[in-house]
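>>> dropping the sequence and predicted coords here.
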Amino acid sequence: MSWDFSTEPEFQEQLDWMRDMVRREIWPLETIWPELGLDGLMRAMAPLQEQVKERGLWAAHLPEDLGGQGMGQVRLGLMHEILGTSPIAPLAFGNAAPDSGNSEILAMNGTEEQKDRWLHPLLAGDLHSAFSMTEPHTPGSDPTQLATRAVRDGDDWVITGRKWFSSNASIADFLIVMAVTNPDARPSQRASMFIVPTDTPGVDILRDVPTMEHPSAEFGNYGGHAEILYDGARLPAEALLGKEGEGFIMAQHRLVPGRIHHCMRWLGVARRAFDMMCERATYRQAHGSLLSEKQTVQNWIADSAAEMQAARLMTLHAAWTMDTQGASAARDQVALIKFFGAKVLHDVVDRALQLHGSLGYSTDLPLEQMYRFARAARIYDGPDEVHRQSVARHILAGYQPPEEGVPSEHLPTRRDEARQRFGALLEAVTAND
């Protein structure tokens with residue numbers, strides 16, 4: 001068995017290029033992104049996308065046989081650590097959520113006709129998509145309670161229900177919708193997935209929901225979270241994605257690697273906040289000395305560095321496990337990093353904001369936006385509590401209650417057993433005394 005924490009020189013060169021390009025070309029776009037609008041943003045991204053394609057880094061999240069670069073989860077994780085430093089950087093690399101996850105679902109479960117119509121244009125960057133699963137009146141932490149229905153009517157399917165937080169739906173060309181097709185089946189086999197063009201009659205994208213992150217959300221912007229009414233949306237039979245009743249299985253295949261990408265992007269955000277915190281400490285003076293000389297500030301910096309390193313190693317180990325043993329083997333590790341990484345992100349950003357005082361609280365720095373972004377990390381793709389519960393259940397399954405209710409480490413009991421086991425030795429030692 002060997003542990004290797006090195007990165008191949010050729011791929012490290014790619015990472016170095018990515019880091020420089022994102023800082024030099026994409027960070028400046030953040031400051032005028034709202035002024036550009038979606039069309040302007042995509043025009044600015046177009047030459048960057050060509051550079052990415054030339055370097056073989058486009059759509060790196062898919063295997064080569066499915067139209068991607070076949071990077072694997074560890075390399076993807078290292079890439080997303082860089083891309084996470086900016087909310088718009090993934091657009092330049094063809095792996096922005098939710099398009100990246102939707103392309104994986106299409107690649108693994110779509111028919112050849114579905115791939116030709118939706119996957120290939122999506123990978124080319126010619127289409128946008130959304131994943132429509134979360135509902136306003138059922139708990140997102142328990143998707144077995146989904147209420148949106150898809151009912152057969154002749155050769156067609158008719159979808160009725162309401163969804164929200166369908167990210168990017170207001171700019172999407174098509175939606176992947178999770179709907180209940182057999183309410184009497186086992187909970188994990190009730191739902192199916194459908195490809196729904198956004199111009200389908202009966203699909204009404206009502207609004208982009210204002211959120212803590214985007215409190216003044218405007219309809220039709222990249223990064224919005226839409227509320228959608230499905231009012232008898234009629235679809236042909238070929239709109240069914242994968243097999244009927246396999247929606248939950250397909251969703252898990254999408255979400256498990258997606259959580260690794262989330263966690264590495266969070267580390268990118270945390271690192272950017274950390275750099276701002278350290279920079280501030282070097283020049284800001286208070287009470288007769290630099291902030292860098294204050295013990296509390298030194299503790300914040302040290303704690304942040306340790307927590308980020310721990311989260312990074314945990315996430316890359318989960319990625320390595322997925323690459324070498326498959327997604328199922330990494331499930332507990334992914335659950336661990338989901339709630340641990342979210343806390344690290346929040347705590348590092350919070351310390352950086354605190355260190356900047358009123359400047360950090362203002363919109364003159366990106367820290368307040370990072371803080372609002374960090375709060376959502378504890379909710380989406382499964383709330384912290386669900387992941388903690390899952391991890392704890394699996395851990396506890398490896399333990400059994402002790403006989404007669406006596407703890408296995410109970411010292412008086414162990415001492416009596418030891419005296420019986422080593423009685424001859426104890427007697428000999430006592431005799432010598």
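That came through, no problem. Residues are numbered from 1 along each chain as shown.
>>> and the contacts of stretch 391-410?
Asp332, Ala335, Leu336, Thr413 (CB atoms under 8 Å, 6 or more residues apart in numbering). (C-beta placed from N, C-alpha, C; glycine too.)
>>> tell me which two of these sit farthest apart.
The most widely separated members of those, counting by CB to CB, are Ala335 and Thr413 (35.3 Å).
>>> neighbour-wise, which of these two wins?
Neighbours were counted for Ala335 and for Thr413 using other CB atoms under 10 Å; Ala335 has more, 23 against 14.
>>> Glu385 is in contact with that one, correct?
No. Using CB atoms under 8 Å as the test, Ala335 is too far from Glu385 to be in contact (11.3 Å).
>>> need the overlap of contacts for the two.
By CB under 8 Å, 6+ apart, no residue touches both Ala335 and Glu385.
>>> tell me the mean pLDDT for stretch 128-142?
Throughout stretch 128-142, pLDDT has a mean value of 93.
>>> pull the CA atoms of it into CSV?
The C-alpha trace of stretch 128-142 is given here as CSV (Å, rounded to 0.1, in the frame of the first residue of the first chain):
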residue,chain,number,x,y,z
HIS,A,128,-28.3,25.8,-20.7
SER,A,129,-30.1,23.5,-18.4
ALA,A,130,-31.7,23.2,-14.9
PHE,A,131,-32.4,20.4,-12.5
SER,A,132,-35.9,20.7,-11.1
MET,A,133,-36.5,18.6,-8.0
THR,A,134,-36.9,20.8,-4.9
GLU,A,135,-40.5,21.7,-4.0
PRO,A,136,-41.9,24.5,-1.7
HIS,A,137,-44.3,22.3,0.2
THR,A,138,-42.3,19.1,0.7
PRO,A,139,-39.0,18.7,2.6
GLY,A,140,-35.9,18.8,0.5
SER,A,141,-34.2,16.6,3.1
ASP,A,142,-36.7,13.8,2.3
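>>> how far is it from where the chain is centred?
Relative to its chain's centre, stretch 128-142 lies at 15 Å (CA atoms, centre = their mean, to the nearest Å).
>>> once you drop chain neighbours, what's closest to Ile105?
Once flanking residues are discounted, Ile105 sits nearest to Arg254: 5.4 Å by CB to CB, 6 or more residues apart in numbering.
>>> wait, what's in contact with Ala89?
Here Ala89 is in contact with Val22, Ile26, Ile82, Leu83 (CB under 8 Å, 6+ apart).
>>> rerun that using 7 Å as the cut-off
By CB atoms under 7 Å, 6 or more residues apart in numbering, Ala89 lies in contact with Val22, Ile26, Leu83.
>>> what lies in contact with whichever strand or helix holds Asn102?
Using DSSP states H and E, Asn102 falls within helix 99-109. With CB under 7 Å, 6+ apart as the test, helix 99-109 has contacts from 61-62, 66-67, 114-115, 118-119, 122-123, 128-129, 131, 176, 241-242, 250, 253-254, 258.
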